[in-house]
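Asker: okay, structure incoming, though there's no sequence with it:
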């Protein structure tokens, strides 16, 4: 019964995640340290304490930490479970211990991320603006005994995040939070970020589906991951001359996902997540082609106008046919548009 209940709770959380995403917002997930995303940002590492048990809101470094039960600042298991330094913030998951946190910043920020450790349940991370409106949400999958520096967070294109909540979606759970970074995120609303969000959205629903469906979803996730290889990208909106592969991988991912959408009795929350992921892939590819067209407009080779016109026509066709034929077909047209834009600049794609 607990497994079935947990699955239903996860599905409800995924539905909220898909509905809550706003333009300019994006989840953050990675390994290493949150400072990789927020160089020069403010860091709350809890090392100055004061250590102890807290049953009421407390300010640490100007940031307010509150919970629905007892939480602790201390050195338990420090150096393990993605904790660093001297102290971390944690809850052991016992009776009366916190199962939900609210963290409020001293002023609006554009993003935040933190080290997350030891979780055996899924937790829902939600960011809010100053008026209490949801900016974005992200399901945090269990990280168990990992010590690879798993971090999660949310970024927004403007300084509008005032607080965030963390809510346990499962049973009792011992979790650690450390190295909370916040400030101006280096993540912007861009093609690569949209693809990363698609990957995160699909990964979040894996625990909620059957093994067979999870295997099919994992293949699509692998396609997206292959498209995100660093060697294929110059920056968040520019591809290397091998970038043709990005579109090929995205086509495979979208085609797999569209086939999954035909599965009978697909849970509404799963369907919503898949639709959201495909939308992000298509939006990302449109952004890549538009960027290439803009670059070509100011950097045409002699006689390159024809290729530029072709690029614009392919992009227009992709936009018009995405919902008429299929979104995977639209991605194939975006690929042709990107290639034509490169040729308009005299670039030979690999």
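Answerer: Done, it's in. Source: prediction; values computed, not measured. Numbering: from 1, shown residues only.
Asker: flag the helix or strand of the chain with the lowest per-element mean pLDDT.
Answerer: Here the helix or strand of the chain ranked lowest by mean pLDDT, DSSP states H and E is helix 2-20, holding a mean of 35.
Asker: and the next helix or strand past that helix?
Answerer: strand 25-31 (DSSP states H and E).
Asker: ok, then the element right after that following strand?
Answerer: strand 42-44.
Asker: and the helix or strand just after that following strand, what's its mean pLDDT?
Answerer: Next helix or strand after strand 42-44 toward the C-terminus (DSSP H and E): strand 52-54. Mean pLDDT, strand 52-54: 96.
Asker: contacts for the helix or strand just after strand 52-54, please.
Answerer: Next helix or strand after strand 52-54 toward the C-terminus (DSSP H and E): strand 58-60. For strand 58-60, the external contacting residues (CB atoms under 8 Å, 6 or more residues apart in numbering) are 44, 46, 48, 64, 65, 66, 73, 89. Bear in mind the C-beta positions are built from the backbone N, C-alpha and C, glycine included.
Asker: return the list of strands paired to strand 58-60, each annotated with direction.
Answerer: If you go by DSSP bridges, strand 58-60 pairs up with strand 63-67 (antiparallel).
Asker: surely residue 194 is within a helix?
Answerer: Yes - according to DSSP: H, G, I helix; E, B strand; the rest coil, residue 194 belongs to a helix.
Asker: could you pull up phi and psi at the spatially closest residue to it that is not a sequence neighbour?
Answerer: Leaving aside its sequence neighbours, residue 194 sits nearest to residue 284 (CB to CB, 6 or more residues apart in numbering; 3.9 Å). Note on residue 284: its backbone torsions stand at phi -60, psi -40 [degrees, to the nearest 10].
Asker: equivalent analysis for the one 10 residues further on, please.
Answerer: When quoted as degrees, to the nearest 10, the phi and psi of residue 294 stand at phi -60, psi -40.
Asker: so what's it up against?
Answerer: By CB under 8 Å, 6+ apart, the contact list for residue 294 is empty.
Asker: can you classify residue 119 by secondary structure?
Answerer: Applying three-state DSSP: residue 119 is coil.
Asker: you'd agree it is up against residue 145?
Answerer: No - the pair residue 119 / residue 145 is not scored as a contact, 10.2 Å apart, by CB atoms under 8 Å.
Asker: quick one: low-confidence ranges for this protein?
Answerer: Within the chain, the stretches with pLDDT under 70 are 1-26, 157-159, 184-189, 323-324.
Asker: ok, now with 80
Answerer: 1-27, 29-31, 36-40, 156-159, 184-190, 319-325, 350 (pLDDT under 80).
Asker: in it, which spans are helices?
Answerer: Ranges of helices within the chain are 2-20, 191-205, 211-227, 244-260, 268-297, 305-321, 327-344, based on DSSP state H.
Asker: residue 349: how many residues sit nearby?
Answerer: Residues near residue 349, counting by other CB atoms under 10 Å, number 14.
Asker: out of the helices of the chain, the one nearest residue 95 is which?
Answerer: Counting by CB to CB, residue 95 lies closest to helix 2-20 out of the helices of the chain; the figure is 17.0 Å.
Asker: how many residues are close by residue 347?
Answerer: Residue 347: 16 surrounding residues under other CB under 10 Å.
Asker: would you map out the domains in this protein?
Answerer: Per automatic domain parsing, the domain ranges recorded for the chain read 2-183, 191-344.
Asker: dump those into CSV; add distance to residue 350 as well.
Answerer: What follows is the domains of the chain, written out as CSV (distance: least, CB to CB, whole Å):
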stretch, distance to residue 350
domain 2-183, 28
domain 191-344, 5
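Asker: just the endpoints, please. Distance across stretch 45-63?
Answerer: One end of stretch 45-63 sits 12 Å from the other (CA to CA, to the nearest Å).
Asker: list the buried ones in that stretch?
Answerer: Neighbour-count burial for stretch 45-63, counted by 16 or more other CB atoms under 10 Å, picks out 45, 46, 47, 54, 58, 60, 63.
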